[in-house]
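*Asks:* Build me a structure from this.
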Amino acid sequence: MVFALLLLLPAGLILGFGLAGYGFGALGRVGPRRADRRLWMRSVAALLAAGAVALYTFGLLLVALAVLDAEDGGTDSSPLRPCRTPGQGERALHVVDYTVSYAPLQFVCETTGGGTYAATTVPGCLNPAVLGLALASAACAGTATLRTRRDAERNPDR
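*Replies:* Numbering: from 1, shown residues only. Next up, the predicted model:
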C-alpha cells in the first residue's frame with residue numbers, strides 16, 4: 001500500500017506540471033490574443049486537468065502521511081492516530097486495521113465486527129473538487145474536439 005502511494009506521488013507531480021506546461025505553452029506559442037477558440041478550450045482543459053491532478057496529489061500526500069502515522073509504533077499508537085476523530089473516542093477504541101481508498105480518496109478505519117468509517121485525514125471538499133475539475137476539463141476537451149471536427153467538415157480544403 002505504501003509502495004503504491006510512493007509511486008503515485010511523483011507520477012502526480014510530473015503529470016500536473018506536464019499538463020500545466022502544455023496549457024500555458026500552447027497559449028504562449030501563438031499569444032493569447034491571436035489564439036482561436038479551439039486552442040483556448042484545449043489550454044483551459046489542460047489547466048483544469050492540472051488542477052485536478054494537483055488536488056488529487058495533495059490528497060495522496062495527506063493519505064501517505066496518515067499511513068506513515070498509522071504504521072508508526074510506540075506508546076501512543078493504539079488506537080491508530082489517524083482514526084481518532086474528535087468526539088468519537090469510543091469508536092476509535094474498536095479499530096483493528098485500516099485500508100486506503102483511491103477513488104474516492106480516503107483513509108478508511110476498520111473496526112471489530114466488520115464496520116468501517118472514513119478518517120478525517122482528507123478534507124471533505126477535496127474529492128468533489130477533484131471530480132468537478134476533471135469533469136470541467138473533459139467538457140472543455142470534448143468541446144474543442146467537436147469544434148475541430150465541425151471546422152474540418154465545413155472546410156475540407158484545410
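
*Asks:* Please identify the buried residues of the helix or strand of the chain with the lowest mean pLDDT?
*Replies:* Least confident helix or strand of the chain, by mean pLDDT, DSSP states H and E, is helix 89-92 with a mean of 74. By neighbour count with 16 or more other CB atoms under 10 Å, helix 89-92 contains the buried residues 91-92. For the C-beta atoms, the positions are set from N, CA and C on the backbone; glycine is no exception.

*Asks:* pLDDT weak spots in the chain?
*Replies:* Along the chain, the model assigns pLDDT under 70 to residues 1-2, 74-77, 88, 157-158.

*Asks:* Next, the residue nearest to the spatial centre of it: secondary structure please.
*Replies:* The centroid of the chain falls nearest to Tyr56 when counting by CA atoms, centre = their mean (1.8 Å). Under DSSP: H, G, I helix; E, B strand; the rest coil, Tyr56 falls in the helix class.

*Asks:* Next up, the contacts around it.
*Replies:* Contact partners of Tyr56, counting by CB atoms under 8 Å, 6 or more residues apart in numbering, are 12, 105, 130.

*Asks:* neighbours around the first one, how many?
*Replies:* This points to Gly12. Around Gly12 there are 19 other residues, counting by other CB atoms under 10 Å.

*Asks:* residues touching it, list them.
*Replies:* The contact partners of Gly12, taken as CB under 8 Å, 6+ apart, are 53-54, 56-57, 60.

*Asks:* Quick check on it: phi, psi?
*Replies:* phi -70, psi -40 (degrees, to the nearest 10).

*Asks:* Could you do the one 3 residues further on as well?
*Replies:* Main-chain dihedrals, Leu15, degrees, to the nearest 10: phi -60, psi -40.

*Asks:* what does Pro86 give?
*Replies:* Residue torsions, per degrees, to the nearest 10, at Pro86 are phi -60, psi 130.
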